[in-house]
Every structure is written in C-alpha cells, then in structure tokens.
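In: Provided below are the primary sequence and the corresponding predicted coordinates.
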Amino acid sequence: MDNGFINNNPTQNEMPFAIVDGESFTELPQDLYIPPVALKVFLDTFEGPLDLLLYLIRKQNLNILDIPIAEITKQYVDYINLMSDLVLELAGEYLLMAAMLAEIKSRMLLPLFEEIEEEDDPRAELVRRLLEYERFRTVSESINLLKRVDRDVFVSNVNSDNLAKPMELPDIDLKDLVFSFQDVLKRADMFSTLHFTKEPLSVRERMGDVLETLKNKEFVEFSSLFNLEEEKMGLVVTFLAILELMKESLIEIVQAKSYGTIHIKALLSSNKK
Amino acid sequence: MNKKALKNIIEGILLSSFEPISADKLYKVLSKHNQTTKADILNAIDELKDDYSLKEIEIINVASGYRIQAKNTLTDYLSIIFSERIPRYSRALLETLSIITYRQPVTRGDIESIRGVTVSTSIMKTLTDRNWVRIIGYREVPGKPAMFATTPEFLDYFGLESLSQLPELPQIKEPKNLDLALDETTDSKKTTIPPESIN
Amino acid sequence: MNKKALKNIIEGILLSSFEPISADKLYKVLSKHNQTTKADILNAIDELKDDYSLKEIEIINVASGYRIQAKNTLTDYLSIIFSERIPRYSRALLETLSIITYRQPVTRGDIESIRGVTVSTSIMKTLTDRNWVRIIGYREVPGKPAMFATTPEFLDYFGLESLSQLPELPQIKEPKNLDLALDETTDSKKTTIPPESIN
C-alpha cells in the first residue's frame, strides 16, 4: 500500500501504469520523462489532483503536515506542463490545483510579520483536504478487500424456473404517480420557456399528412410537400416530419445528381401487394 | 479424497450455480486439487439424490449437466417471495398514467405533446389491460383520436373515492409535503382538495 | 406442521431465493399455508446451521435477512467456475461509495469536494442501478441537491449486518494537533526550507 493504488488482486505486486515497447513503468521517472503513450495511461491512473499530490508527497516520504510547498509545486507544475505540452486533455481540476499551489507558494514568500504569524499557515486548507481525501482513499482500499458476492462469496442459486409461479403484476404507489406528474410538469416548464409547447402543430400529425400525400404515388417532389402559405414553424414541422419518416424507414429520399431535384417515395406503398 | 468430503463439495458447487454443471466440468475443477475419478463424482451425485429424497430440493439431469432445483411443493411459498420483486413499471408508463389521471380526458397526441416523446402502444395496452385506463370517446377533430380516462378500478386500486381526493399538485414541491397531502387524502376524507386541473 | 418438514421448506426457500430473507418474511410466507410460529422458524434455522456444520454451505445473517452461501473452502472452485461473473470496480467508484457510506447522507457536491474531482454520472448510475445507493431526500439549499445514502443491499453484498461492521474510517489528526504541527513548521521554516528553493 506504499503508493496507495488498489490492485484488483491484493497479492499482486505493484501494477505497472503502462507498458511501452515491452518495458513496464511502475513509477514516475525521476526526470519526469514518460513516453506520451504511457503518460496518458499514467494520468488515467490518478483520481484527480489530490490523488496526484498525495502520490508525489508519499513517494518522497514527506510529512504531509510539513509539505515543502515550493518543491511540490514545482514537481506538480512540471508534470502538468508536460501533459499540456503533449496536448493531453487536462481536467480543469488539475489546473485549479496548480493555481492553488502557486497561491500558497506566493503567500509563503511574504515576509513574516507578527500579524501574519497569527494567521493560519497558508498550507492549512490544502493539508486539511489532503488528509481528508486520504482517509477515504484508505478506507476505500479496505472496502475493496472486504469479501464480496461473486468474487469471494458465492450465494446459493437454486433454480426454480421449473415451478409454475403465477405471474404477478407490478404495484404502483400513489406517491410515484404524483411524482411522475411533477416531473412531467417540470419538463414541460422547461420546454415552455423555449416556446415549444405553444406550438400547435405536431410532427407526428404532419408525418401522417406527408404519408397521405405520398400514398399511391411513385415519387413526389420534395419541395411540393411544403405548404408555403404556412408560417416558418409549419415548414420546420414538415421538415422534421420528413426526417422522422426517414428515420423510421417509412420513406425513401432520392436525389439523382448533385443539386438536382429531390424526390420522395413512400416505402409502404411499394411493398403493398 | 474421502467420499463424504467429495459429496459436500459437489453439493456446494451445484447449489451455487443457477446453470447446470456437467460431470466433466465437475471433474475438471475437482481433479485440479484432489485425487478423484469421474466414477467417484457420479457416485457422489447419486448419493446426493438419495439424500434429497426427503428434502424440498432435487437434483435433475438436463442436457448440459446436473442442476439442483426446487421441488413443486415449494411453489406456493416461492410464488409469494418472487411476486414481491416483480419488475417495476417504467418511468414512461408512470408518466403516461399520471398525465391521463390529471389531464383526463386526453388523446395520445395530448400525452405526446406533454411528454415530448411518442407514447408506446405497449404502454397504452398495459394500462388498458390492467383496467386502469379506458377509452371514453373520440375527439371531434380530424382522425377522431380516442380520448382516454381513468376507470373506477383505478380509484379502487389507490383506495380513493373520487379523483378530487388526489393530491393537489402546486402545493407539492417537497417529498415532505407530498406525504402530508397523501395523509390528508387517505386519512381524513373530509378534507377534499379540489385539484384545479381536474374538472 | 412438523419440525422436519418446516426445516426442509425453509431450507428450500432460502436456497431458491436470490435475496436474503428475514425471519419475519419467512413467517409471513409460511404462516399463510401452515400452522407455525416465529419461534419454530428460528429453531429450524438454528438446526439447519447445525446440519451445515459438516457441509460446505452455511447460513449467514446479513442486513436483509438469512442467506445460504458456499463456505470459504469452496472459493477456489467457484471462482474458476464463475470467473466470468466476477465484478470489477474502479477506484473512483469505490472512493465515491466510501464517501457515501461514511458521510451519508451526502450530495454529489459533498463527494466532489472531498475527492477534488467531478463525480461521473455513470458511477452514480452504477451505484443506484446495483441498488447500493439511493436518494433519501433533498437538501434544503438552492438547487435542492439529492442526498444519497446506502441501502441494505449494499450491506448484503459485502456480507454485513450493519454499517458498524464496516472497517473504521482512519482517524484524522485533531485540528488542534494540525495547528500545532503547522506552528512547528512555521517556526522551523528557516531551517527546513532553504530560501533558494522558494522561487
């Protein structure tokens, strides 16, 4: 548990973070150089900036209550820079931590006047968070080692499919019903601010209209499906209806050549015997 | 390996598996750590079969191997236990039913425009099959869509006398308030809350 | 109902149920069809426990009731046979689960502030889908965030009867001590950190 990583198999030795060209990397090299492929895997190994910081601190056997902030900040930032150089996508949390470290460092550079000595050590908050996080990280390792079903414990699993058990229907709680309606209303509210619910034209309805127009015809010109007298919203609904019909494979859209006329054909009518 | 120990191990393995396990597989697994033969294994299974003759479980032989299953005599008990973990209705079904309840009579189109998604035919079928929802007429618009409403059985199911006893919605923002509202509906029927949405 | 018959039925029910069953539930199920008491049921379970002492199975008590499981001695065999169903969980999931366990009820925000990273939706979904974690209410602050807590199924999964059986959360140094330590650091700073290293 020296580096705090959980191995799936507790008896196994430290797992390599990455294997590149047959060589396995089990720890951060001293010069911070890691082949890019490995670095990506390395980053994935950490559960966030607190985890990375704890790793850097524990790896060097530093006292968490007495972090040499300058040194740790340097290492952390080197690491972050390296990853940005490689254009790896860095979670914002890592950059936030870099900023926090820089701030602590700068505050510690201030000359020590009497008043300031009365203040909390600038590192206090960081130390508190690191210690708190470490508690849960440690306990999660213990939980991972607990005997659990299907890994260490096998529960009796006698088959009773042979029995003719009456098919029971699910129950509903009145509460669930009311909650469901509240969810519906909440969502409807969201839509109404976007002015969707006011729209009287239904895409579904228009899909029916379009199919009706296509009925018993070979091909219909795409543009003829639109009623230009309708408002813009009506045209959009027609368009959405056509897309939806396409998605449901009820129609076929054909364009003979680029920029040529688009034709639409109902797939149902052609299948009819 | 002694007979009794072998029998107990085989029993433990078979009891842990929902799927049948073949004698070959048992042999493969057991012979790794023990001195045993296939004949020993078959013997042990026969003995187990005998042991179970007075029990409520039995070992049967199916195409892919042996499995232990519950005897028919357990049907009554197990059906009670299994019925308590029947799959729950989907959120889509609950929402559909809630819209029909609070906005009845509604057409499928109404439900779709409120929920923003298509109402599946199987949901409507489930609701009508359970006799919670029925068609009470057809709207006088093109297509004559069916209008759905809840049934008296639906009210019975929830122990309500009328729709007006349903909790009024705007009041309920907190689960706490809902409990309160539900208590009011079920306990003191005199406090009838006329939901403005139902008319 | 005679003792032996009762014992066999209870055994059959426990073996066939995928979830643990409490004595109350057994009583509910059994008393529907038979003359029996809760004491009879508890007696029968004790006798079963005795019967199993020489077998490779055992009855254990977890949060939601009794269950029959294979003894540890079978783990080697069973983990080979069922290797494909061994679940694996990420560190992120286990850390999230630990925070919910020891700090319940917690919001996603609480979890995020301890872990220092966003809690992924897929982790919360896995935890709720597995029924280890559920929403038990909403905190009375802006946004009304959901509060999560663990379920009895979570304890069942780890073979525990109550949360108190979980490993203890490591103690953090008292804030007083922390201040002290930091004071010491401040005092000795000139010697421990050479000025040139701060730049």
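Out: Perfect, I can see it now.

In: need the contact list for the residue located most distally from the centre of chain B.
Out: Relative to the centre of chain B, the most outlying C-alpha is that of B:Gln35, 45.9 Å out, by C-alpha atoms, centre = their mean. Neighbouring residues of B:Gln35 by C-beta atoms under 8 Å, 6 or more residues apart in numbering or on different chains: B:Met1. Using the backbone N, CA and C atoms, a C-beta is placed for each residue, glycine as well.

In: which part of chain A gets nearest to chain C, residue-wise?
Out: Going by C-beta to the nearest C-beta, chain C is nearest to A:Gly48 of chain A, at 3.5 Å.

In: any idea how far the residue nearest to that residue when sequence neighbours are not counted lies from chain B?
Out: Closest residue to A:Gly48 apart from its sequence neighbours, by C-beta to C-beta, 6 or more residues apart in numbering or on different chains: C:Val117 at 3.5 Å. Going from C:Val117 to chain B by C-beta to the nearest C-beta, to the nearest Å gives 29 Å.

In: ok, C:Val117 - how many residues close by?
Out: The local packing of C:Val117 (other C-beta atoms under 10 Å in any protein chain shown) involves 20 other residues.

In: wait, it touches A:Glu47, no?
Out: Yes. At 6.6 Å, C:Val117 counts as touching A:Glu47 under the criterion of C-beta atoms under 8 Å.

In: coming back round to it: for the residue of chain A closest to chain C, grab the count of nearby residues.
Out: 20.

In: that one reaches C:Ile114, doesn't it?
Out: No. Counting by C-beta under 8 Å, A:Gly48 stays clear of C:Ile114, with 10.4 Å between them.

In: picking that back up, tell me who's in contact with the residue of chain A closest to chain C.
Out: Counting by C-beta under 8 Å, 6+ apart, A:Gly48 has contacts A:Ala91, A:Glu93, A:Tyr94, C:Arg115, C:Gly116, C:Val117.

In: now with 7 Å?
Out: A:Glu93, C:Arg115, C:Gly116, C:Val117 (C-beta atoms under 7 Å, 6 or more residues apart in numbering or on different chains).

In: okay, the first one and chain B: tell me how far apart.
Out: What it means is A:Glu93. 32 Å.

In: so what's that residue up against?
Out: A:Gly48, A:Pro49, C:Gly116, C:Val117 are the contacts of A:Glu93 under C-beta under 7 Å, 6+ apart.

In: assign the last one to helix, strand or coil.
Out: This means C:Val117. Assigned by DSSP: H, G, I helix; E, B strand; the rest coil, the conformation of C:Val117 is coil.

In: next one: the residue farthest from the centre of chain B from B:Ala5, what distance?
Out: As for B:Gln35, its distance to B:Ala5 is 11 Å (criterion: C-beta to C-beta, to the nearest Å).

In: check B:Arg108 too.
Out: 65 Å.

In: ok, which stretches of the chain are helices?
Out: Picked chain A for this. A:36-45, A:49-59, A:69-85, A:92-109, A:114-118, A:124-145, A:174-193, A:203-214, A:232-247, A:267-271 (DSSP state H).

In: switch to chain B, please.
Out: Using DSSP H, the helices of chain B run over residues B:3-16, B:23-31, B:38-51, B:75-83, B:91-103, B:108-115, B:121-129, B:152-157, B:175-186.

In: could you export those as JSON lines, including mean neighbour count and mean pLDDT?
Out: Converted to JSON lines, the helices of chain B look like this (neighbours: other C-beta atoms under 10 Å in any protein chain shown; pLDDT from 0 to 100):
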{"stretch": "helix B:3-16", "mean neighbour count": "21", "mean pLDDT": "95"}
{"stretch": "helix B:23-31", "mean neighbour count": "17", "mean pLDDT": "94"}
{"stretch": "helix B:38-51", "mean neighbour count": "15", "mean pLDDT": "96"}
{"stretch": "helix B:75-83", "mean neighbour count": "18", "mean pLDDT": "86"}
{"stretch": "helix B:91-103", "mean neighbour count": "22", "mean pLDDT": "88"}
{"stretch": "helix B:108-115", "mean neighbour count": "20", "mean pLDDT": "86"}
{"stretch": "helix B:121-129", "mean neighbour count": "15", "mean pLDDT": "86"}
{"stretch": "helix B:152-157", "mean neighbour count": "15", "mean pLDDT": "86"}
{"stretch": "helix B:175-186", "mean neighbour count": "16", "mean pLDDT": "52"}
